[in-house]
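Visitor: Structure for the following, please:
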Amino acid sequence: MSKDTNYKVLLVNGSPHVKGCVARAFDELEKTLNDCGVTTERINVGNKDIRGCIACNYCRSHGRCVFNDAVNETAPKLAEADGLIVGTPVYYAGSNGQLHAFMDRLFYSTSGTINLNQKVGATVVSSRRAGSTSAFDDLNHYFTISSMPIVSSTYWNEVHGFSAEDVEGDLEGLQTMRNLGRNAAFLIKAIRAQRVKEGLPEQEHTVFTNFHSEIRQ
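Guide: Okay, here's the model as predicted:
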């Protein structure tokens with residue numbers, strides 16, 4: 001891992017197999033990011049006991065989730081990172097349940113404490129055959145609601161295979177990971193340069209359409 005810059009990306013693996021298909025895709029992506037001067041930290045959540053949000057709003061008064069697990073451990077790292085890339089296996093054309101619960105709680109519990117504006121986001125999916133694009137689309141919604149630019153590649157960010165060894169044969173998928181890494185590094189550096197030059201774009205939060213008269217300030 002390169003340590004000569006202060007650019008950083010979090011890689012969150014939602015697979016219960018920490019050395020499975022998603023991990024192999026992340027290996028390719030991580031090496032490319034490091035070669036481009038971006039440090040990385042990998043967080044595995046697919047093999048952890050992560051429950052869903054219970055809408056208790058504890059986070060609104062305490063600045064952290066009521067469940068003290070990987071969500072609260074990751075929050076300060078996200079605050080310092082330039083980007084977040086999440087990877088998931090595909091189950092019934094959707095993402096891993098632990099990862100989905102993790103993302104729900106991470107984004108909701110930090111919405112008042114972490115500014116995600118212009119942190120880059122990307123999703124990586126792994127499937128044996130199909131269902132990947134719906135899982136890909138689902139996870140990208142977290143980024144598009146948070147003013148996070150989504151990083152693209154030369155194909156949808158996916159690899160195919162039933163095992164990490166299978167992914168070795170998906171040459172286009174691995175190529176897609178390398179291009180994703182280059183694009184992410186470029187975008188992170190461009191955003192950092194523009195932020196230093198002119199600051200972040202203004203974000204309005206005065207209108208909250210929920211069909212009653214209360215206005216969120």
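Visitor: Identify the residues contacting Glu80.
Guide: Each residue near Glu80 by CB atoms under 8 Å, 6 or more residues apart in numbering is listed here: Lys8. Using the backbone N, CA and C atoms, a C-beta is placed for each residue, glycine as well.
Visitor: Quickly note the distance from it to Thr74.
Guide: Distance, Glu80 to Thr74, by CB to CB, to the nearest Å: 11 Å.
Visitor: Could you give the average pLDDT over the longest helix along the chain?
Guide: Taking DSSP state H as the criterion, the chain has its longest helix at helix 171-198. The predicted model gives helix 171-198 an average pLDDT of 97.
Visitor: just stretch 88-103 next, same as before
Guide: Across stretch 88-103, pLDDT averages out at 96.
Visitor: picking that back up, centre of the chain to the longest helix of the chain, how far?
Guide: Chain-centre distance of helix 171-198: 14 Å, with CA atoms, centre = their mean, to the nearest Å.
Visitor: do stretch 38-54 as well
Guide: Centroid displacement of stretch 38-54 relative to its chain, using CA atoms, centre = their mean, is 10 Å.
Visitor: What residues sit buried inside it?
Guide: Buried residues in stretch 38-54, counting neighbours by 16 or more other CB atoms under 10 Å, are found at 38-40, 42-46, 50, 53.
Visitor: How about stretch 67-77?
Guide: Residues 67, 69-72, 74-75 are the ones in stretch 67-77 that count as buried (16+ other CB under 10 Å).
Visitor: And for stretch 188-206?
Guide: Residues of stretch 188-206 classed as buried: 188-189, 191 (neighbour count, 16+ other CB under 10 Å).
Visitor: All good on my end, thank you.
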